[in-house]
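Peer 1: I'd like to go over a predicted model; first the sequence, then the structure.
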Amino acid sequence: MDPQQRAEWLRQEIERHNVLYYARDTPEISDSEWDTLFQELAELERIHPELKTPDSPTQRVGSLPLSNFAEHQHGTPMLSLDNAFTDDDVTAFDERVRKSISEETGLLTADVEYEVELKFDGLSLSLTYVDGILETAATRGDGNIGENVTPNAKTVRGVPLKLATIVKGILEVRGEVVMFKDVFEQINAKRLEQGLQVFANPRNAAAGGVRQLDSRLTSERKLNFFAYGVGVIPDGLKVPSTQMGLMEWLREQGFPVRPETKLVLGAEGILSFVHDAQEMRSRLPFLIDGAVAKVDDMAVQRSIGFTSRSPRWAIAIKFPAEQAFTVLKSIECNVGRTGAVTPYAELEPVKVAGVTIARATLHNYLELERKDVRVGDTVIVQRAGDVIPEVVGPVRDKRPATAMPYLAPDTCPVCGTILVREGGMAVLRCPNSQQCEAQIQRKLEHFASRGAMDIDGLGEKQIALLLSKGLLTDLPSLFRLKDKRDEIITLERMGQQSTDNLLTAIEAAKSRPLSKFLFGLGIRHVGDRTATDLARHYGTLEKFRSTNFDELVSIPDIGPRTAVELEEWLASENNSKLIDELLALGVRPSENESPSGDLFAGQTIVFTGTLNKFTRDAAEQFVQSQGGKAAGSVSKMTSFLVAGPGAGSKLEKAIQLKVPVLTEDEFLEKLPDDMVDKIK
């Protein structure tokens, strides 16, 4: 094969794999294999410059800086969408659509079919193809004229430089450029190291990347593109007659189209999708700020038409903003059950994602120092889904002259013990585990929690009250409360009934499963899954107490770090005394952790995304009860993945590793009829 033939084959092969990876989520080769093909093509074009073509994959690496952006006239306007913020807004939109259809046809219209999709929080881009080759990429601009950012767009992942089939004439494809959250975090970490202002969010970083005059810098942003529509279509080109069909046609041409896109009926269907999108929002690998509904029938779209600024057949349903700006009033700290001392921010109350926030995490003192957050700063506050609100960073241009760098404490704010930082780790820790009141309270809260010993009626407030009265001092003291019934009854909001209920719950906790007991002990790095693995492996508390490092690391999914922590914990005289005391007080963890069935014996199953038919906890417990393993991550050992809407990186990895993927319904079909109700 001569150099010209080889270069052409390489271009076609690389683009084929790009389509498989970005547009169809079905990669056939590893990243390293793709790199080898790319490097060979780049070397061929270096040796033979005449072989380089405008649609070559090597053009994605960027080119020399521009002095400014030229203007580009869109073939058809890039209109904005009208917004909906409430259920009533969506219902009103659906009524307008049905009324318009009735006026056009003279017939009453029942439920309208809508194509619904995620509303990406990025930068809109219009791609113009001439005879199937990318000629121009432009921003929205004012809707009629945008900025020509073609060199930058060529570096964006998922933007085909050449269509998969020959399309004669001019074709405009519209979509959104986004930055994935993990890339955003990496870039912000790098900017912090360089002393630069961090980006407020991935949208700003993506928009700034597309507008770089030096496309080599755009390439470093690792941007992605998702298609959502078309503008100009060549005369004579037969495209599908529905919006859903058009999306599939774009996918076939090599454009990434998100799999969450679906067809629904009426306002009720739109609102159901909106609810699902809100649920999956925090788990997606990129930002969304809403959902979009479009009349599916494109002939109906044309008949309904447009206003001067937006199509009448589509609407954007906006979510509450996940970020806001506010003033940081003070920096406080919290002491956890393992002694970790972590800072948090007291804020001027601000509404974020529909919730008023007055407190946000600062993670740890090294992170606080890296971000250079100071009291008095105007800060960016973020709350994604159910995630604890966090301070993203300061707005340095608004920093008051009096704001000083924050100094981490040297001593525990509760017990005054000198803090330590173990092995260069980010977390400051109070080593006074036996006497620090804060640690004792957090340990009791964890021990009594539903996932551990499940002691009903013993929450944070009750524990704080019993500690303040000297009735609780450590974990064993919990099981001595039965001797202090008369004192407890006199406490505020307790009384005879509440006290008796509490003591009954404590007595019942003595026989919780071994896995719950091990989890409740609060050993570092031992979560509920690890506790279950330990309980199954050892069977009895006695065998667990006599284990060693070598046996621990032989248990699947228990690594050296966890094994060292467990061995050290068990070797501690204080911890040995703790277990002895609990046993002396009648605590007898039940030791039958063997599965009740073998439906999933030897299988490893992962659940991800929004699950509507059952909860993740219930599903994982059911899998374990049937001899299977419920894992938290996908690997080659995964038997299958159960994915609901919003499945992100786990789904992508499963596809890459060719792990079977099931829907919730397909998973339930695997169960005998008499077991289905056990998981719901």
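Peer 2: Received it, and whenever you're ready, just let me know what you need.

Peer 1: skipping adjacent residues, who's closest to residue 625 in space?
Peer 2: residue 596 (5.1 Å; Cβ to Cβ, 6 or more residues apart in numbering). For every residue, glycine as well, the C-beta is placed using N, CA and C.

Peer 1: now residue 231
Peer 2: residue 172 is the one closest to residue 231 (Cβ to Cβ, 6+ apart), at 3.2 Å.

Peer 1: just for the protein, where's the confidence low?
Peer 2: 21-27, 30-32, 60-67, 106-108, 384-387, 423-424, 592-594, 646, 680 (pLDDT under 70).

Peer 1: I figured residue 101 was touching residue 110, is that so?
Peer 2: No. Look at residue 101 against residue 110 with Cβ atoms under 8 Å: they stay out of range, at 10.1 Å.

Peer 1: of the two, which one has the most company?
Peer 2: The neighbour comparison of residue 101 against residue 110 (other Cβ atoms under 10 Å) goes to residue 101, with 20 against 8.

Peer 1: distance of the more buried one from residue 557?
Peer 2: Per Cβ to Cβ, to the nearest Å, residue 101 is found 56 Å from residue 557.

Peer 1: hang on, the earlier thing: next, the residue nearest to residue 625: secondary structure please.
Peer 2: coil (DSSP: H, G, I helix; E, B strand; the rest coil).

Peer 1: can I assume it is in contact with residue 623?
Peer 2: No. Residue 596 lies out of contact with residue 623 (Cβ under 8 Å); the separation is 11.8 Å.

Peer 1: neighbour count for these two, which is higher?
Peer 2: Neighbours per residue (other Cβ under 10 Å) separate residue 596 from residue 623, with residue 623 holding more: 25 against 12.

Peer 1: contacting residues around the more buried one?
Peer 2: Contact analysis of residue 623 by Cβ atoms under 8 Å, 6 or more residues apart in numbering lists 600, 603, 605, 629, 630.

Peer 1: mind picking the two most distant members of those residues?
Peer 2: The largest separation in the contacts of residue 623, counting by Cβ to Cβ, is between 603 and 630 at 9.9 Å.

Peer 1: one step back: so who does the residue nearest to residue 231 touch?
Peer 2: 74, 75, 76, 126, 127, 128, 129, 230, 231, 232, 233.

Peer 1: go again using 6 Å as the cut-off
Peer 2: Contacts for residue 172 (Cβ atoms under 6 Å, 6 or more residues apart in numbering) come out as 75, 126, 128, 231, 232.

Peer 1: could you look up the SS state of it?
Peer 2: strand.

Peer 1: quick one: it from residue 75, how far?
Peer 2: Separation of residue 172 from residue 75 (Cβ to Cβ): 5 Å.

Peer 1: go on, residue 672?
Peer 2: For residue 672 relative to residue 75 (Cβ to Cβ), the value is 58 Å.

Peer 1: can you point me to the longest helix in the protein?
Peer 2: Counting by DSSP state H, the longest helix found in the chain is helix 87-105.

Peer 1: which neighbouring elements make contact with whichever helix or strand comes after that helix?
Peer 2: Sequence order places strand 113-120 as the next helix or strand after helix 87-105, per DSSP states H and E. Packing contacts for strand 113-120, counted by 3 or more Cβ pairs under 6 Å, 6 or more residues apart in numbering; DSSP states H and E, involve strand 262-265, helix 266-280, strand 288-295.

Peer 1: reformat these as TSV; add mean neighbour count and distance to residue 205.
Peer 2: Shown next, in TSV, are these (neighbours: other Cβ atoms under 10 Å; distance: least, Cβ to Cβ, whole Å):
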stretch	mean neighbour count	distance to residue 205
strand 262-265	16	29
helix 266-280	20	22
strand 288-295	24	15
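
Peer 1: those: which one's closest to residue 57?
Peer 2: strand 288-295 (28.7 Å).

Peer 1: what sits up against that closest one?
Peer 2: So strand 288-295 is in contact with 114-121, 243, 270, 273-274, 277, 281, 301, 313-319, going by Cβ under 6 Å, 6+ apart.

Peer 1: shared neighbours, residue 172 and residue 75?
Peer 2: Joint contacts of residue 172 and residue 75 (Cβ under 6 Å, 6+ apart) are 231, 232.

Peer 1: leaving out sequence neighbours, find the closest residue to residue 287.
Peer 2: residue 121 (3.8 Å).

Peer 1: again, but for residue 415
Peer 2: Distances taken as Cβ to Cβ, 6+ apart place residue 436 nearest to residue 415, at 4.2 Å, with adjacent residues excluded.

Peer 1: flag every buried residue along the longest helix of the chain.
Peer 2: 89, 90, 91, 93, 94, 97, 98, 100, 101 (16 or more other Cβ atoms under 10 Å).

Peer 1: which ones are touching the residue nearest to the fifth one when sequence neighbours are not counted?
Peer 2: By that I understand residue 94. Spatial nearest neighbour of residue 94, excluding adjacent residues (Cβ to Cβ, 6+ apart): residue 267 at 3.9 Å. Under the criterion of Cβ under 6 Å, 6+ apart, the contact list for residue 267 reads 90, 91, 94.

Peer 1: cheers, nothing more for now.
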